[in-house]
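have a look; sequence and predicted model below, questions after that.
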Amino acid sequence: MSDQHEELVELFVSSLTDQLVILYSDGPSEGTNDKFIERGLLALLAKNETSKEEELVMQDAIPLAIQRWKDTTPVSVPKKSKSTPISLFDQLTGGGFQPPVTIDDIKEAQSAEDRLTVFRSVSYVDDLLLDWNEIKSMLLSDLRGSLQANAAVDIIKIHRKYYDLGRASSEYLLLQYGICHNIFDAIMSYTQQDNSNAELLLLLIRTWCDILVDLIQRDVFVEELVGTMESRMLELLLDDSKYHIATSTESIQFSTAHVLALADTRARWFQGWVRSTSVGSLLTLLEKTSILPTVISRCCLDSTETESDNNSRAMQKVLRDQSLVILASIMEKTRVSCFPWHLASSIFVDIEQSTEDGPARTTAHIGKIIEIFLQTMAMEESTTSLQVCCNALEDVLSGCRAASDYAELISKLNERVSAMSVKVRNKWEKPNLRLQH
């Protein structure tokens with residue numbers, strides 16, 4: 001054995017001994033199986049690429065390292081533990097496990113701050129079920145009362161904690177929807193106030209969106225439990241009358257519609273709700289509100305203000321982005337055949353004045369909708385916006401296949417797209433292929 005080999009063996013022995021101390025922190029035990037430890041070390045070292053020479057060194061070093069580890073480390077003797085049984089009295093008095101939080105514990109709290117402490121101590125959602133309606137009312141009352149104080153964020157976190165605990169089983173569905181309604185009721189209360197905190201409203205809306213989208217994605221969306229939340233939220237989308245102030249920049253005011261757009265630019269809750277509801281329910285809602293003409297109008301917003309109007313331009317952009325998603329979602333659900341074209345008449349005034357009611361007017365309306373999405377694509381915005389526009393155009397054009405001028409329509413559209421950037425052309429390639437067949 002050469003001197004160099006011996007030096008390498010010694011280095012490996014030292015290193016392996018240190019690793020054994022780390023791997024077996026309690027030290028060797030009586031009857032330690034050397035072969036088992038040897039296999040473990042070989043498996044550990046096999047993860048690294050080694051040369052033939054290093055393999056020979058390891059074969060000599062591993063047995064020496066195991067022996068040195070056993071010689072220098074005290075043998076661990078297992079201790080016989082004597083378990084102490086938990087008495088029935090301990091269990092009844094909470095000595096053996098955490099006692100449940102009851103409605104009486106919540107009522108005995110002297111203030112909202114004390115109730116918050118009790119609410120925080122809830123670890124099991126089952127503690128809430130028996131008196132959930134009463135507890136839900138207390139939570140909502142404290143949430144509303146905290147909107148003008150610093151405790152609002154803590155109460156919102158409590159709601160989110162209970163919701164997350166309730167996701168474990170469908171038996172907690174009423175609790176989950178109750179929390180969703182609590183957050184929504186707080187949003188409705190807060191949006192009625194002028195000069196309220198825009199950041200807090202943003203947190204409330206995002207929390208509500210997250211919860212509702214989660215219910216939809218988990219396939220536990222129940223229209224009866226949702227109630228009127230979606231129609232009332234659409235009313236807020238139209239609200240430009242109330243303004244809210246960002247505490248970080250008090251000079252900037254945001255309308256309720258702007259805050260909603262900032263909180264959910266992709267209109268996730270609306271997309272989810274539209275996919276879960278029927279075409280009839282969607283059309284009924286559109287008939288009751290002015291959401292469709294408002295959305296179309298916002299899609300046509302021209303954000304070409306001067307540099308001094310950066311904030312205004314940014315607000316217009318988020319409104320337009322959200323409106324594009326909403327319009328695309330409506331088109332995806334209703335298709336061309338069921339789309340309520342008559343509701344768009346107040347926006348497309350030039351068509352109403354120049355075209356007689358009938359197929360020609362509908363064709364003109366379709367052209368306007370196509371133009372909205374094409375103009376957005378021409379701006380070459382985010383990949384997500386491009387995808388929304390491509391999907392919407394595919395939905396519109398799929399509904400026009402029976403038209404005599406379908407081929408001409410596709411040809412004109414492709415001519416427009418061919419003049420756009422490579423990014424846009426690549427995004428449009430697959431929808432275009434599907435429309436050609």
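Looks like it came in fine.

tell me the centre residue of the chain?
Central residue of the chain (CA atoms, centre = their mean): Asp210, 5.4 Å from the mean position.

what helix or strand does it sit in?
Per DSSP states H and E, Asp210 falls inside helix 198-217.

contact partners of that helix?
Residues outside helix 198-217 that contact it (CB atoms under 8 Å, 6 or more residues apart in numbering) are 147, 152-153, 156, 159-160, 163, 167, 176-177, 179-180, 183-184, 186-187, 190-191, 221, 226, 229, 244-248, 254, 256, 259-260, 262-264, 268-269, 272-273, 275-276. Every C-beta, even on glycine, is put in place using the N, C-alpha and C of the backbone.

among these, which lie within helices?
Among the contacts of helix 198-217, DSSP state H puts 152-153, 156, 159-160, 163, 176-177, 179-180, 183-184, 186-187, 190, 226, 229, 256, 259-260, 262-263, 268-269, 272-273, 275-276 in helices.

residues touching Arg160, list them.
Taking CB under 8 Å, 6+ apart, we find Arg160 in contact with Thr207, Ile211.

what's the pLDDT at it?
With respect to pLDDT, Arg160 scores 93.

separation between it and Phe119?
12 Å (CB to CB, to the nearest Å).

what does Ile211 give?
17 Å.

likewise Ala152?
Look at Ala152 and Phe119: by CB to CB, they are 14 Å apart.

mind checking which of these two has more residues around it?
Under the neighbour definition other CB atoms under 10 Å, Ala152 and Phe119 were set side by side, and Phe119 has more, 25 against 21.

residue contacts, Ser297?
Ile347.

wasn't it part of a helix?
Yes - assigned with DSSP: H, G, I helix; E, B strand; the rest coil, Ser297 falls within a helix.

just the pLDDT for it.
Ser297 carries a pLDDT score of 90 in this model.

of the contacts of helix 198-217, buried ones?
Neighbour-count burial within those applies to 147, 152, 156, 159, 163, 167, 176-177, 179-180, 183-184, 186-187, 190-191, 221, 226, 229, 244-245, 254, 256, 259-260, 262-264, 268-269, 272-273, 276; the criterion is 16 or more other CB atoms under 10 Å.

please enumerate the strands of the stretch 1-150 of the chain.
Secondary structure of the stretch 1-150 of the chain (DSSP state E, counting those that start in this stretch): no strands located.

quick check: which ranges of it have low pLDDT?
1-4, 18-19, 21-33, 36-37, 40-54, 73-98, 149-150 (pLDDT under 70).

hmm, 50 instead?
Low-confidence segments of the stretch 1-150 of the chain (pLDDT under 50): 77-81, 89, 93-96.

pretty sure Met315 sits against Ala257.
No - between Met315 and Ala257 there is no contact under CB atoms under 8 Å: 9.2 Å.

quick one on the thing from earlier: could you give the average pLDDT over the helix holding Asp210?
91.

contacts only, for Asp219.
Contacts for Asp219 (CB under 8 Å, 6+ apart) come out as none.

so it sits in a strand?
No - membership of Asp219 in a strand is not supported by three-state DSSP, which gives coil.

Phe119 versus that one, what's the distance?
29 Å.

tell me, how many residues neighbour the closest residue to Glu332 other than its chain neighbours?
Closest residue to Glu332 apart from its sequence neighbours, by CB to CB, 6 or more residues apart in numbering: Asp395 at 5.1 Å. Neighbourhood size, Asp395 [other CB under 10 Å]: 22.
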